[in-house]
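>>> Starting from these lines, generate the structure:
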Amino acid sequence: HSRSTTKVMIDPIVAKTSLSAMSELFAQIGIGYLAVRTGLLDSTILPGISRTVFNVMLPALLCTSVAKTVAECPLRTLFPIPLLALAQIMVGIFISRIVLRTVRLSTNCEAGRETTVLSAFHNSGNLPLSLVSALFWNDPVKLERATAIIAVFLLGWSPVFWSLGKSMLTGPTETDIAAANKSQELPKDFKFFLKRASRTVINVVKSPPIAGCLTGCVIGSVPFLGRLFLKSAEEESPPLGIIFNALKNTAKGYMPLSVLVLAGTMAQRSETSARGRVKGDKRRLWLILLLRFVLIPLTSLTVINLAVNLRWITNDPILIFILLLQSTMPSAQNCVTMLQVEDKPLQAQRVARTQLQVYLASILPVSLWITYFLQHAKVM
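Numbering: from 1, shown residues only. Next comes the predicted model:
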């Protein structure tokens with residue numbers, strides 16, 4: 001009995017595959033880090049690269065992946081997945097706030113908000129896609145299904161990250177809000193709040209990543225547009241297929257450049273390093289590790305098991321595995337890109353240092369969780 005338990009918990013083949021995928025990511029980070037430190041790459045161009053990733057490559061990736069997935073799968077089967085992505089984020093924020101209050105760290109101060117964002121928002125695209133490619137390379141059916149679920153998961157996750165996550169990470173701190181309240185009286189009539197809400201919605205929709213998601217959804221769900229852009233059994237060379245392929249090729253630069261921004265920001269030597277650090281950095285790191293690799297995966301496992309038993313979600317092994325896989329991924333690397341775009345270099349450097357430590361610490365727990373999740377979901 002003990003042998004079979006050990007085999008279920010630690011599958012050497014799956015563990016090796018997981019370690020290989022994580023190691024490849026760290027090798028890319030190492031290349032970028034050395035390029036900046038040795039002067040091969042000028043760190044002053046990192047903000048420009050960040051804007052290119054944010055405004056061009058990420059929207060292209062989301063548009064093409066979502067369009068293809070929506071076109072190939074009925075919308076009714078895909079609709080619950082974005083909602084599950086939203087639910088996972090909300091669970092992460094809820095648990096993070098409980099933990100922060102337990103350790104008496106304000107949820108509205110800069111340190112508290114960074115802890116919440118780095119715990120609740122995870123690497124939901126690059127790393128899961130790399131892992132499923134490594135895990136299912138010899139099973140095209142499973143690989144295609146897993147990739148589709150991740151793409152639709154991003155359809156729900158990305159708008160929340162680039163709106164709520166951005167607001168939490170880059171918005172005014174409690175000190176800024178207090179100062180603003182002292183300096184002026186805020187209007188409280190209904191028209192003011194309606195106008196502010198409308199402006200917020202417009203800004204969210206105008207955000208390039210969200211615009212990419214929505215554009216892909218429209219292309220994939222409208223048959224006429226699908227025939228113009230997407231290959232099908234009836235149409236091997238669609239009229240605008242060249243444009244779609246160009247977007248796919250553009251999207252290929254997203255992964256290496258986003259990792260380069262993360263690595264380059266880590267390598268930067270801040271002239272004001274003392275201001276770049278916040279009191280309690282080590283405690284915040286331990287809180288993120290506890291939340292990201294223990295509490296959130298355990299909570300997600302419990303909630304997903306309950307949802308399957310109550311038949312709220314279908315007992316689809318690949319779907320269950322991807323949802324569980326998402327729950328144990330390290331922090332979203334685009335947090336650094338977001339801060340670079342917002343011209344907050346000190347905060348970007350601090351978050352990048354924290355993320356480097358989180359990613360280094362993630363190798364073992366992520367490998368163990370993946371091994372268990374594959375067995376639990378009965379994928380292997």
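
>>> show me where pLDDT drops low in the stretch 151-300 of the chain?
For the stretch 151-300 of the chain, the stretches with pLDDT under 70 are 172-205, 233, 235, 268-280.

>>> so where do the helices sit in it?
166-170, 174-183, 190-206, 208-221, 223-229, 241-251, 254-267, 273-276, 281-290, 296-309 (DSSP state H, counting those that start in this stretch).

>>> Make sure residue 132 is actually in contact with residue 143.
Yes - at 6.3 Å, residue 132 and residue 143 qualify as touching, with contact defined as CB atoms under 8 Å. Every C-beta, even on glycine, is put in place using the N, C-alpha and C of the backbone.

>>> which one of these two has more residues nearby?
Shown here are residue 132 and residue 143; by other CB atoms under 10 Å, residue 132 has more neighbours (23 against 17).

>>> what about that one, which helix or strand?
Residue 132 is located in helix 126-135, with elements delineated by DSSP states H and E.

>>> Residue 36 - nearest residue in space that isn't next to it in sequence?
Distance criterion CB to CB, 6 or more residues apart in numbering; nearest residue to residue 36, sequence neighbours excluded, is residue 267 at 3.8 Å.

>>> Next, count neighbours for the one you found.
Applying other CB under 10 Å, we find 21 other residues in the vicinity of residue 267.

>>> looking only at pLDDT, what's the mean for stretch 337-346?
Stretch 337-346 shows a mean pLDDT of 80.

>>> end-to-end on that stretch?
Counting by CA to CA, to the nearest Å, you get 13 Å between the two ends of stretch 337-346.

>>> Give me the buried positions along it.
In terms of neighbour count (16 or more other CB atoms under 10 Å), stretch 337-346 has its buried residues at 337, 338, 339, 340, 341, 342, 345, 346.

>>> Then stretch 109-121?
For stretch 109-121, a neighbour-count test (16+ other CB under 10 Å) marks 110, 111, 112, 113, 114, 115, 116, 117, 118, 119, 120, 121 as buried.

>>> what does stretch 69-89 give?
In stretch 69-89, counting by 16+ other CB under 10 Å, buried: 69-71, 73, 78, 80-82, 84-85, 87-89.

>>> got it, and stretch 96-103?
96, 97, 99, 100.

>>> correct me, but the first one touches residue 121?
No - checked against CB under 8 Å, the pair residue 96 and residue 121 is beyond contact range at 10.2 Å.

>>> What residues does residue 156 make contact with?
Counting by CB atoms under 8 Å, 6 or more residues apart in numbering, residue 156 touches 81, 82, 83, 84, 85, 86.

>>> Could you list which of those residues belong to helices?
Counting by DSSP state H, the contacts of residue 156 place 81, 82, 83, 84, 85, 86 in helices.

>>> So for the fifth one, what's the pLDDT?
Residue 85 is assigned 91 on the pLDDT scale.

>>> any idea how far the residue lying closest to it once chain neighbours are set aside is from residue 128?
Take residue 85 and drop its neighbours on the chain: the residue closest to it by CB to CB, 6+ apart is residue 156, 3.5 Å away. Relative to residue 128, residue 156 is positioned 14 Å away (CB to CB, to the nearest Å).
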